[in-house]
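**Student:** kindly return the folded structure for what I paste below:
(one chain, ligands or ions: 1)
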Amino acid sequence: FMLYKCSICMLKTGVKDGPNKDKSFYVCVDKLGCGFSHVTPSHCLHHEESVVELQALSYSQQKQGYRLFYRCVLGKKAGQRWCGNVPWSMVRFCQSVFCYLLKINIYSNSDEVLFSDLVFYLFPNIVFSLPCCTAPSLLQLFSLYLPFPLSFQATLSVVNVAVLPDKGERLKTQVKELEEALKSLSFSCWHTCLDPYFMFLANPQSQAFYGGRMTEDRMLAVKNATCEAIDHLHKSLESCPNTDTEVPDPKAIKVPLLPHQRRALAWLLWRETQKPCGGILADDMGLGKTLTMVALILGQKSKAEEEDGKKKETKLKTWISKTDSSLVLSKGTLIICPASLVHHWKREIDRHIKKGKLTVYLYHGPNREKSAKVLADYDVVVTTYSLVSKEGPVLKESPRLGPLLRVAWARLVLDEAHNIKNPKVQTSMAVCQLRASARWAVTGTPIQNNLLDMYSLLKFLRCSPFDEYKLWKAQVDNGSRRGRERLNLLTNSLLLRRTKDQLDSAGKPLVSLPKRTCEVHRLKLSEDEQAVYDVVFTQSRSTLQNYLKRHEGNDIKQKSCSSLNPFEKVAQEFGMSQGDGAVSSPQQPQQASSTVHILSLLLRLRQCCCHISLLKKTLDSSELMGDGIVLSLEEQLNALSLSSSPSSDPKDTVTLNGTRFSFQLFEETCKSTKVSTLDLKQTGDDQKSVIVSQWTSMLHIVGVHLKLIGLKYAVIDGTVNPKRRMDLVEEFNTNPKGPQVMLVSLCAGGVGLNLIGGNHLFLLDMHWNPALEDQACDRIYRVGQLKDVTIHRFVCEGTVEEKITALQTKKKDLAQNVLSGAGNVLSKLTLADLRVIFGV
Ligand SMILES: Nc1ncnc2c1ncn2[C@@H]1O[C@H](COP(=O)(O)OP(=O)(O)OP(=O)(O)O)[C@@H](O)[C@H]1O
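**Tutor:** Residues are numbered from 1 along each chain as shown. Next up is the predicted model:
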């Protein structure tokens with residue numbers, strides 16, 4: 001434009017794919033195609049996502065100055081001549097012609113330049129348009145440097161403010177606001193993270209150590225990063241408060257904290273001065289973790305208020321762009337929990353904290369608040385895992401984030417954090433993306449299956465460099481002694497776990513809870529039940545035998561890869577064994593076999609131990625998921641074929657794999673051995689019971705029998721909404737005339753329920769995962785329980801239930817070893833386990 005000083009100059013930019021894409025050409029009205037420029041395409045002021053394809057500079061006699069007209073791809077499509085125009089004063093020709101430049105330098109605490117000349121574009125009418133930034137965008141900047149102590153120097157470097165209608169007043173305010181926001185951001189994080197390197201790498205956007213060709217230099221980098229992080233953890237442990245250190249209760253708390261909670265609070269406060277900032281609170285279930293975390297929130301809030309008061313600082317400044325796509329700073333805590341616990345958090349705060357001391361918002365339901373700015377103003381926002389997983393960018397083309405992701409929280413708390421044990425699922429990825437100064441995982445069962453559970457938590461905590469999976473596998477979860485030592489160090493530094501039966505240094509119990517007794521009822525199936533069981537067992541066993549027979553030759557090979565989940569092998573090859581007639585029944589089509597098939601047979605055997613009528617029922621997908629089973633339709637049908645329909649004589653017999661049984665046995669009203677053992681009336685008038693099963697259909701059957709003996713009961717399963725759950729629990733716990741029995745499904749109702757109204761708990765069936773059962777037991781055995789508690793378990797002799805007991809012990813050992821820092825790893829369900837279960 002400057003060169004030719006024509007009356008009208010145009011700049012045409014190639015936007016279509018091809019050799020001219022992103023290249024710009026001058027087109028002067030006088031001289032066609034008079035020049036060529038490498039101008040980076042800019043974005044439209046009116047359609048921010050859209051690239052400008054035509055610009056024209058024209059001199060206006062009337063205004064005695066130039067104006068720049070622009071049109072973007074969208075404007076062109078819409079048939080507009082121009083999308084708009086801006087006054088143009090040529091001070092310096094920048095990449096995006098019609099905006100002003102703001103240059104910022106960012107310094108570390110030691111005045112080392114982290115970013116120099118960061119360029120942001122400021123528009124006359126819009127504060128910041130992030131998509132236009134060529135340097136790292138503000139969003140990236142925040143996420144990368146959130147924990148840094150920063151200082152800023154901003155200059156409005158290229159602005160001819162005189163041409164603006166308000167002489168640039170508004171622009172100046174905007175720049176000031178940006179500086180303020182950045183300053184307060186660094187202030188709020190100052191105390192938390194002092195080592196840029198550590199947190200920088202912990203960021204999901206940081207560069208990974210592994211990937212591509214691992215040269216010697218890169219392996220050295222891995223080694224250095226690991227050693228540096230390990231050294232850091234060792235050093236940080238030096239300042240860890242000892243196990244007896246207590247801190248005073250925050251002022252606004254209504255009930256006195258229990259001694260172990262005060263000790264936990266000391267530890268939590270310490271962790272918020274360390275890096276990674278936050279950690280894992282893994283106290284046994286029912287030890288009052290909720291109130292402990294609330295005490296932390298409250299304590300830190302009053303501390304911040306005191307500091308603010310001293311500095312006479314007013315409310316934290318926030319800034320948002322017109323598109324509202326920028327981050328909003330918050331001093332609040334975001335709590336993420338299963339839907340069933342949203343009201344529990346609110347209620348705990350209402351019950352135990354003085355009125356008005358913490359503002360709480362439940363981010364839940366269709367009418368939830370959509371403004372990040374409003375949410376950022378609350379002290380506590382409670383939401384669910386499933387809502388967080390929906391917060392990510394909805395469409396690739398429009399990377400708009402949900403409000404929770406647009407807030408930089410002071411603190412993030414994941415309740416029942418084992419929900420993110422699989423790092424690959426959407427929920428885990430979404431919670432890892434959330435921004436916060438401090439990150440907390442709260443769970444009574446941090447390790448349920450294997451060390452991957454622990455990795456997921458470290459990833460969430462951004463415990464760099466161990467949050468990179470390959471590095472974690474190579475340096476920690478590698479079966480070596482060194483790996484175990486590292487795991488122990490990580491556990492000792494980042495995780496606090498106390499159990500209910502633990503004694504403190506003075507030999508006193510951690511909390512004084514009433515007595516807990518565990519009664520194992522050893523049962524013998526009735527003759528009829530045993531007969532049905534045997535039919536199903538024979539079928540399952542021969543199926544496995546066939547599989548094993550075919551692979552006898554490969555036995556050694558199988559042994560050598562026993563660390564693989566054998567079910568995967570079974571899945572691959574099981575199908576070939578199906579030709580054998582022993583497996584197929586007349587009703588059974590050629591079975592498409594897979595791991596899940598054998599697991600579903602096992603599941604049917606477990607059902608036989610509870611009630612034969614369960615065999616008639618379709619396997620419900622949510623119930624199967626509790627077993628880690630996902631059945632295809634075909635597999636579902638196969639599983640169903642076990643529950644054969646009445647054949648030749650529908651009136652009184654049922655045929656199962658060619659054997660006839662009494663029809664009555666398959667009726668819900670028939671008293672199975674287990675159901676008859678549930679002698680609830682005997683437990684006494686002032687006693688209430690909780691009955692747990694992983695199958696809602698079993699709960700239903702128990703309900704039928706409770707009705708028959710006239711006992712009042714309520715049911716909590718996956719279909720009961722959180723509010724109703726809360727009401728049912730309240731009624732059960734506080735109303736002596738309310739339900740005497742609570743039927744709870746293991747997976748849906750296992751977590752977070754406080755059922756201290758009951759003091760007998762019946763675990764009707766056995767689950768592979770002992771952590772789930774423990775969670776269920778802790779519903780009644782927790783702080784607040786006043787009566788002696790009895791846990792009833794059932795084992796049907798000579799059935800798979802006996803084998804499950806052995807497997808459960810194995811899994812418990814794993815969790816115990818890791819959590820105690822003893823570190824012996826690892827047990828999965830192996831082929832050998834299957835052989836034991838089926839006696840082959
Ligand atoms: N200091 C206290 N004084 C009185 N009651 C308390 C105290 N701390 C906790 N409680 C009560 O103890 C019960 C159990 O607490 P909470 O539900 O927080 O346990 P939890 O450790 O979070 O268990 P889970 O792992 O099962 O979620 C609650 O009813 C809670 O109100």
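**Student:** only C-alpha atoms for contact and neighbour calcs from this point on.
**Tutor:** OK.
**Student:** can you find the helix or strand of the chain with the lowest average pLDDT?
**Tutor:** Every helix and strand of the chain was ranked by mean pLDDT, DSSP states H and E. The lowest is helix 196-202, at a mean of 26.
**Student:** from residue 521, how far off is residue 700?
**Tutor:** 22 Å (CA to CA, to the nearest Å).
**Student:** can you check residue 258 too?
**Tutor:** From residue 258 to residue 521 the distance is 35 Å (CA to CA).
**Student:** same check, this time on residue 787
**Tutor:** With distances taken as CA to CA, residue 787 is found 21 Å from residue 521.
**Student:** contacting residues for residue 721?
**Tutor:** Residues near residue 721 by CA atoms under 8 Å, 6 or more residues apart in numbering: residue 340.
**Student:** quick check: phi and psi on it?
**Tutor:** phi -70, psi 160 (degrees, to the nearest 10).
**Student:** can you give me the pLDDT of it?
**Tutor:** Residue 721 is assigned 83 on the pLDDT scale.
**Student:** surely residue 473 is in a strand?
**Tutor:** No - using DSSP: H, G, I helix; E, B strand; the rest coil, the assignment for residue 473 is helix, not a strand.
**Student:** now for it, how many residues are close by?
**Tutor:** 16 (other CA atoms under 10 Å).
**Student:** so how far is residue 480 from it?
**Tutor:** Note on residue 473: its distance to residue 480, by CA to CA, is 11 Å.
**Student:** just residue 402 next, same as before
**Tutor:** Distance of residue 402 to residue 480, computed by CA to CA: 43 Å.
**Student:** looking at those two, which is more packed in?
**Tutor:** Applying other CA under 10 Å to residue 402 and residue 480 shows that residue 402 carries more neighbours, namely 20 against 14.
**Student:** OK, contacts around the closest residue to the more buried one other than its chain neighbours?
**Tutor:** For residue 402, ignoring the flanking residues on the chain, the nearest one in space by CA to CA, 6 or more residues apart in numbering is residue 391 at 4.4 Å. Neighbouring residues of residue 391 by CA under 8 Å, 6+ apart: 401, 402, 403, 404, 405, 430.
**Student:** looking at neighbours, which among those is most surrounded?
**Tutor:** residue 404 (26 neighbours).
**Student:** what residues are up against the residue of the stretch 401-550 of the chain found nearest the ligand?
**Tutor:** For the stretch 401-550 of the chain, the residue closest to the ligand is residue 444, as judged by CA to the nearest ligand atom, at 4.8 Å. Under the criterion of CA under 8 Å, 6+ apart, the contact list for residue 444 reads 281, 282, 283, 284, 285, 416, 775.
**Student:** assign it to helix, strand or coil.
**Tutor:** Following three-state DSSP, residue 444 is assigned to coil.
**Student:** list phi and psi for it.
**Tutor:** phi -80, psi -20.
**Student:** now the contacts of residue 444: which count as buried?
**Tutor:** 281, 282, 283, 284, 285, 416, 775 (16 or more other CA atoms under 10 Å).
**Student:** now flag whichever of those is closest to residue 534.
**Tutor:** Nearest to residue 534 out of the buried ones among the contacts of residue 444 is residue 775 (CA to CA; 31.9 Å).
**Student:** which regions of the stretch 251-400 of the chain lie under the pLDDT threshold?
**Tutor:** 309-326, 392-400 (pLDDT under 70).
**Student:** what does it put close to the ligand?
**Tutor:** 255, 256, 257, 258, 285, 286, 287, 288, 289, 290, 291, 348 (CA under 6 Å from any ligand atom).
**Student:** dump the residues you listed to TSV, plus secondary structure.
**Tutor:** Converted to TSV, these look like this (three-state DSSP):
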residue	secondary structure
255	coil
256	coil
257	coil
258	coil
285	coil
286	coil
287	coil
288	coil
289	helix
290	helix
291	helix
348	helix
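**Student:** and residue 720, what are its phi and psi?
**Tutor:** Residue 720 adopts backbone torsions of phi -90, psi 130, taken as degrees, to the nearest 10.
**Student:** now do it against the ligand, distance only.
**Tutor:** Per CA to the nearest ligand atom, to the nearest Å, residue 720 is found 18 Å from the ligand.
**Student:** now swap in residue 655 and tell me
**Tutor:** From residue 655 to the ligand the distance is 44 Å (CA to the nearest ligand atom).
**Student:** what of residue 666?
**Tutor:** Distance of residue 666 to the ligand, given as CA to the nearest ligand atom: 36 Å.
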